[in-house]
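Visitor: below: sequence and its predicted model.
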Amino acid sequence: MNAMKTVSCNRFPVGAVLGLPLILLLLAVFAPADVSAANPNLPVDQLCFQGKIRAVQYSANQLAKCHLRRARKSSYDFSACAARVLSKVQRRISDTDNAAAEQNFSCPGDVTTLQLDATSGWQAGLVAASIFQSNPLPNDCVGKRNKALGKYAFKYSGCWTKNFGTDRDGVVSCASRAASKLVKKWADAERRESCTSDSVAVVQAAVDAAMDANAGLVFVECGDGSVDGTELCDDGNLVSGDGCENDCTPTPVCGNGLVEAGEECDDGNLAVGDGCNSVCAIEVCGNGVVDAGEACDDGNAVDTDACLSDCSAASCGDGVTWSGVEACDDGNAVDTDACLSDCSAASCGDGVTWSGVEACDDGNAVDTDACLSDCSAASCGDGVTWSGVEACDDGNAVDTDACLSDCSAAS
């Protein structure tokens, strides 16, 4: 954020620029408060704050004219003049806010917070200042001091324009040169005619103190310990995780009721099962957090790992082959098909007859019993003597050799 922060300095208070009469601060010097028209090359945050600053300057400039008219004529209705100025200032601030909103940005500062109402805040103090109230009107000394303050404001506004949001020291240095001229002209004003007023230092200091509320309109530096502008916090450092992040936003805290960076939700508690879990993630399968009603949640939609995409734990019989664990999974408990009920693939020798594929399966590799090792049923002529059933089996149908075709021995 590059908006400007009030340069509070005993010698060069910014308040004196804005609060006292600015007779030479002509309207033409300050552009309208439309942030898009001020300088299209500036970031929107600078444009927004600069628009508010220009509204403050416009108010001071116009009120200076009201003061001048009153100085020339004691019966002049200053309040009515000030009311007209306030109405225009309100429109300028509104225009600034609207232009910034179009770019999804907002900056603080309205008529109340900027103390622009001539009947309250620093403006009210200006109306009651002795320089206006304690001297016969018209008064040459009052007029010259008005002009001196106006020139000071004119120069100071140039310091703002030149150093806006970039160089705090540059503003102070620039202001110091203008202030030295103000001090001289303040004293010179009484050469021909005297007037009662506070010293220039006292006037500046008083207005500066009253203008502290406008600090957010100037240099905003995250980490300076002062919450200004669009900052939500400022703990005086740029360390994240200590309650205030390095961008001057609060460190996200799950359970505080505010949806902050890194949070999908925040319902103000750490309870689970209410739609927003204990780490402020929306309770939905696939968020990587085991929420109420879930057996697991690995944060992905893969069905071949230990956690299915519906957040149920992988198991034999769920119909999904668990990679690296199961050879198959057909989702049933039938052992006579291609996948056994223990999720191993059917094969000859597993002890279960694979329907339509195997004639038998006795789970062994013995060829002299009723089921051969290739899971075919023992029979006369298969070349293997079926123990206890056949006397011999030479694998042919010749009856003139030692083993007859009925697997009995020749005699």
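Guide: Yep, that arrived. Numbering: from 1, shown residues only.
Visitor: ok, S226 touching C248?
Guide: No: because the distance of 10.1 Å does not satisfy C-beta atoms under 8 Å, S226 is recorded as not touching C248. Every residue, glycine included, has its C-beta placed from N, CA and C.
Visitor: who's more crowded, these two?
Guide: C248 (22 against 16; other C-beta atoms under 10 Å).
Visitor: quick one: that one is in a strand?
Guide: No: counting by DSSP: H, G, I helix; E, B strand; the rest coil, C248 is located in no strand; its state is coil.
Visitor: quick one, what contacts it?
Guide: C248 is in contact with 222-223, 227, 231-234, counting by C-beta atoms under 8 Å, 6 or more residues apart in numbering.
Visitor: and those, which are buried?
Guide: Burial by neighbour count, 16 or more other C-beta atoms under 10 Å: within the contacts of C248 this picks out 222-223, 227, 231, 234.
Visitor: list just the nearest of those residues to D401.
Guide: Set against D401, the nearest of these by C-beta to C-beta is C222 (104.0 Å).
Visitor: roughly how far apart are the closest residue in space to the closest one that isn't next to it in sequence and K52?
Guide: Leaving aside its chain neighbours, C222 sits nearest to C248 (4.0 Å; criterion: C-beta to C-beta, 6 or more residues apart in numbering). C248 is 19 Å from K52, where distance means C-beta to C-beta, to the nearest Å.
Visitor: farthest pair within the contacts of C248?
Guide: Most distant of the contacts of C248, by C-beta to C-beta, are G223 and L232, 13.5 Å apart.
Visitor: contacts for stretch 345-356 next, please.
Guide: 327-328, 335-340, 344, 357-365, 373-375.
Visitor: for the chain, which helix or strand comes out least confident on mean pLDDT?
Guide: Across the helices and strands of the chain, mean pLDDT, DSSP states H and E gives its lowest value to helix 15-19, namely a mean of 33.
Visitor: and the helix or strand in which S173 is found, what does it pack onto?
Guide: Using DSSP states H and E, S173 maps to helix 168-188. Applying 3 or more C-beta pairs under 8 Å, 6 or more residues apart in numbering; DSSP states H and E, we find helix 168-188 packed against helix 140-163, helix 200-210.
Visitor: wait, doesn't A314 sit right on S323?
Guide: No: A314 is not in contact with S323 according to C-beta under 8 Å; the separation is 9.2 Å.
Visitor: between these two, which is the more surrounded one?
Guide: Using other C-beta under 10 Å, the more surrounded residue of A314 and S323 is A314, with 20 against 12.
Visitor: once you drop chain neighbours, what's closest to that one?
Guide: Closest to A314 by C-beta to C-beta, 6+ apart is W322, at 4.5 Å.
Visitor: wait, a helix at the one you found?
Guide: No: counting by three-state DSSP, W322 is located in no helix; its state is coil.
Visitor: quick one: contacts for it?
Guide: W322 neighbours (C-beta under 8 Å, 6+ apart): 304-306, 314-316, 329, 343.
Visitor: quick one: buried residues of stretch 286-302?
Guide: For stretch 286-302, by 16+ other C-beta under 10 Å, it's 287, 289-291, 294, 297.
Visitor: average model confidence for it?
Guide: Averaged across stretch 286-302, the pLDDT comes to 89.
Visitor: do me a favour and get the end-to-end distance for that stretch?
Guide: Stretch 286-302 has its terminal residues 10 Å apart, counting by C-alpha to C-alpha, to the nearest Å.
Visitor: quick one: contacts of it?
Guide: Under C-beta under 8 Å, 6+ apart, the answer for stretch 286-302 is 264, 272-273, 277-279, 281, 283-285, 305-307, 309, 311-313.
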